[in-house]
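Participant: Here is my input, please return the structure:
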Amino acid sequence: MIVTFLVWHAISKLNDDTAEVAIQHLRASKAVEMIRTIEHADPHNPITLTADDRKGVVLVKGSKQAVQDAKGLLALFDVERVHVPIGLSIHSSIEKVDYAVTASILNQQEWTTSDSETGASVGISPRVNADGSVTLYIVLGMVKQEPELKMVYRIKRGEKHTFGLDSFQKINADSLPTLKEKEHMASDVEVTISIPK
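Facilitator: A predicted model of the protein is given here:
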């Protein structure tokens with residue numbers, strides 16, 4: 001029985017294949033993280049994945065079929081990420097602030113910013129949908145304060161949406177010890193997020 005196993009193991013090792021897969025659009029180790037579960041998916045068909053970030057390659061070792069499967073999975077994730085233009089404006093009549101910025105954010109990348117004058121903090125992670133619309137994962141809040149509002153918002157190119165942040169300050173004012181600090185919290189901060197055409 002042991003001899004049979006050793007012979008089978010030796011033959012299977014002879015059938016092992018090795019491939020070096022070039023990764024074009026993301027860090028090689030991130031590509032490996034995305035498909036790492038296939039290493040142990042089939043105990044009779046093991047595979048190893050080794051990333052070399054400097055060379056930008058993933059070394060794949062296993063049976064011919066397992067190597068082909070890994071190459072196919074890597075190709076699914078190794079795609080050029082689209083740049084998503086984001087417009088962001090912050091307005092407050094009380095603070096006398098009104099400005100707009102634009103950013104070009106990679107699809108599924110998180111971008112954050114904060115404004116020291118109004119205290120607003122914004123985090124945006126866009127995902128481009130098949131119909132051309134964009135799903136935004138948004139985190140809105142006030143710097144150094146809780147709670148933050150986390151939401152998912154779907155928007156079409158050319159559209160915009162405004163979020164008021166005064167509710168954050170009303171919630172947080174109750175935890176402040178003095179009336180003076182509570183008065184300082186009064187605000188009318190609005191954050192507008194848009195996707196230009």
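
Participant: what's the neighbour count on Ile124?
Facilitator: Using other Cβ atoms under 10 Å as the criterion, Ile124 is surrounded by 22 other residues. (Each C-beta comes from the backbone N, C-alpha and C, glycine too.)

Participant: next one: Val134
Facilitator: Neighbours around Val134, by other Cβ under 10 Å: 23.

Participant: how much space is there between it and Val128?
Facilitator: 6 Å (Cβ to Cβ, to the nearest Å).

Participant: helix/strand/coil for Ala31?
Facilitator: What DSSP: H, G, I helix; E, B strand; the rest coil gives for Ala31 is helix.

Participant: My guess is it contacts Leu59. True?
Facilitator: No - Ala31 lies out of contact with Leu59 (Cβ atoms under 8 Å); the separation is 11.8 Å.

Participant: list residues touching both of the two?
Facilitator: Ala51 (Cβ atoms under 8 Å, 6 or more residues apart in numbering).

Participant: So for the two, which sits in the more crowded spot?
Facilitator: Neighbour count, other Cβ under 10 Å: between Ala31 and Leu59, Ala31 has more, with 26 against 16.

Participant: what's near enough to touch the closest residue to that one other than its chain neighbours?
Facilitator: In space, and not counting its chain neighbours, Ala31 is closest to Ile23: 5.0 Å by Cβ to Cβ, 6 or more residues apart in numbering. Counting by Cβ under 8 Å, 6+ apart, Ile23 makes contact with 31, 56-58, 74, 78.

Participant: Local confidence estimate at Ile23?
Facilitator: Listed pLDDT for Ile23 reads 95.

Participant: Could you check the pLDDT of the residue lying closest to Ile47 once chain neighbours are set aside?
Facilitator: What sits nearest to Ile47 in space, not counting adjacent residues and going by Cβ to Cβ, 6+ apart, is Gly62, at 3.3 Å. Gly62 is assigned a pLDDT of 92 by the prediction.

Participant: Distance check, Gly62 against Ala28.
Facilitator: Gly62 is 17 Å from Ala28, by Cβ to Cβ.

Participant: what does Arg81 give?
Facilitator: Taking Cβ to Cβ, one finds Arg81 at 15 Å from Ala28.

Participant: quick one, which of these two is more surrounded?
Facilitator: More neighbours surround Ala28 than the other of Arg81 and Ala28, with 23 against 13 (other Cβ under 10 Å).
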